[in-house]
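[1] What follows is a protein structure lacking sequence information:
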């Protein structure tokens, strides 16, 4: 009897500590943030709950430009990641031979350098007198006042650089799962290489592309590190605004409102994804 | 004939893609080369921009900037604490999900999915909102809480993924041979789970030491290594940062390679 009771309570005992941690520090805070987002006040007088929903419309009218820019950068960077990652994942999966895992390891190597430091290295490389431009200027390929830093190009390049592996891995996994006999069958049935790719390989990798899009688009849109380090005032993203409102201005209600707007927009995408494809693929991808 | 040209076209296509793959890999590596190289740069002033010749000076004077050293120590100790806590809590969740079907499976999986899929800035601002509302001063321990909060899910999914081949009968056999639940857990379950737990803990440590967004929002005045580097970008990053980045990189790569080799030997 006791043993049966123990085995029945087993899963709950194992889940409970972690579950409580996530309930208190992940789920509960989401509700607290919603409550904070409709308060008014300031740091000196304190914040009162006034159900001031105007915080939302104020934030949207004040910062829609940065919000749209973030979404736009997210779309460009994600599309670039798909285009850059797909041929590479294809080659590693079908031509990598025994060295497949070595290539994947090389792709993941940048992750062993701190994210911020990687981005700082690009700031250094792309600086007006940095290694790349200095050389190009001396060779007379670009004019003396040419610059890359503080442009949209620099920010998007940084975003693509930092998030490319998140796109590559799920696409690679999808390609790797394709049964080679399917490709042989296509060849036996006189399908050309183009037909085999378009009708068999590509459709089978669409779930991988979607997982990659989710893993790339969500962090890119909410990123503020690349815009801070590589961008200028014209490249401010919504993450920069949220960070400033919270940490510099201590304008917590408005900061919360803006953060919830961003979360809402991205959650629609995540929700559609989870309904269409389930949560399993993404959790497996996260497990590496 | 047509299959012959097809195959030839395939070989050429393969070559092109091979060159392309290596170009992308080089692009991914470029900042790493720069970071490592400029840790050996014999730069005179505070600015480390142009190559001035080789020196080991910065390796000898690695700890000359007290704030930076403190930040690195914070990063390492926080990562160690976070790895232990999230390792234990995450293993419990991953094990339960892989081992049993229980009421609450769906809500647990959904919570883990939401935690991993949610933008980092959402997790960061929500937790900060909680600390603000509850009047908790931000510092070392709020960083620990924050990092455990996002590491648990990664440990859980890693442990669960490695439980695919887990044989429940081994536990039953141990029971039949007279082992109590604790003995069974210690001698049978834990060794079987160990590769998954180690992989999960390594991932947790790496994510913790690298984390910027969630840490920055919940750090107060406390600095970790990435926060210090971010703060220094406007004034110029001293070469010691390159050296520390290099050492973290080399340490991480060595640990990753040895864990792969160890798991290969075991199977």
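    That came through fine. Just so it is clear, the model here is predicted, and its values are computed rather than measured.

[2] switch to C-alpha atoms for all contacts and neighbour counts from now on
    OK.

[3] Residue B:49 should be in a helix, yeah?
    No - using DSSP: H, G, I helix; E, B strand; the rest coil, the secondary structure at residue B:49 is coil, not a helix.

[4] contacting residues around it?
    A:124, A:130 (Cα atoms under 8 Å, 6 or more residues apart in numbering or on different chains).

[5] do residue B:202 as well
    Neighbours of residue B:202 in contact, by Cα under 8 Å, 6+ apart: residue B:83.

[6] Please determine how far it is located from residue B:247.
    From residue B:202 across to residue B:247, the span is 17 Å (Cα to Cα, to the nearest Å).

[7] near chain B, which residues of the stretch 51-200 of chain A show up?
    A:87-88, A:91, A:95, A:106-107, A:109-110, A:112-118, A:120-122, A:124-125, A:130-131, A:161, A:193 (Cα under 8 Å from any Cα of the partner chain).

[8] go with 6 Å
    A:88, A:112-114, A:121 (Cα under 6 Å from any Cα of the partner chain).

[9] Identify those among those residues that sit within helices.
    Under the assignment DSSP state H, those contribute A:88, A:121 to helices.

[10] for the chain, which spans come out with low pLDDT?
    You didn't say which chain, so I picked chain A. A:1-7, A:281, A:285-288 (pLDDT under 70).

[11] That was the other one, I meant chain B.
    B:1-10, B:45-47, B:266-267.

[12] and the longest helix for it?
    helix B:2-37.

[13] Export the residues of the stretch 51-200 of chain A next to chain B as TSV, with columns for neighbour count and distance to residue B:254.
    Below are these laid out as TSV (neighbours: other Cα atoms under 10 Å in any protein chain shown; distance: Cα to Cα, whole Å):
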residue	neighbour count	distance to residue B:254
A:88	23	26
A:112	22	10
A:113	24	13
A:114	23	16
A:121	21	22
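
[14] how about the helices of the stretch 101-250 of chain A, start to end?
    Ranges of helices within the stretch 101-250 of chain A are A:115-126, A:131-138, A:152-176, A:180-188, A:193-196, A:202-221, A:225-230, A:238-243, based on DSSP state H, counting those that start in this stretch.

[15] In the chain, which residue is most central in space?
    With no chain named, the answer covers chain A. residue A:219 (2.6 Å; Cα atoms, centre = their mean).

[16] wrong one, I was asking about chain B
    Note: chain B centre (Cα atoms, centre = their mean) maps to residue B:206, 2.2 Å.

[17] Then that residue would be within a helix, right?
    Yes - checked against three-state DSSP, residue B:206 lies within a helix.

[18] Once you drop chain neighbours, what's closest to residue B:197?
    In this structure, residue B:197 finds its nearest non-sequential neighbour in residue B:159, 5.8 Å apart by Cα to Cα, 6 or more residues apart in numbering or on different chains.

[19] Check which helices and strands whichever strand or helix holds the one you found sits against.
    Here residue B:159 sits within helix B:140-161, counting by DSSP states H and E. Applying 3 or more Cα pairs under 6 Å, 6 or more residues apart in numbering or on different chains; DSSP states H and E, one finds that helix B:140-161 makes contact with helix B:66-99, helix B:190-210.

[20] Helix B:140-161 and the longest one, what's the angle between them?
    Spelled out, it's helix B:66-99. 30 degrees (axes from the mean of the first three to the mean of the last three Cα atoms, to 10 degrees).

[21] Cool, thanks, talk later.
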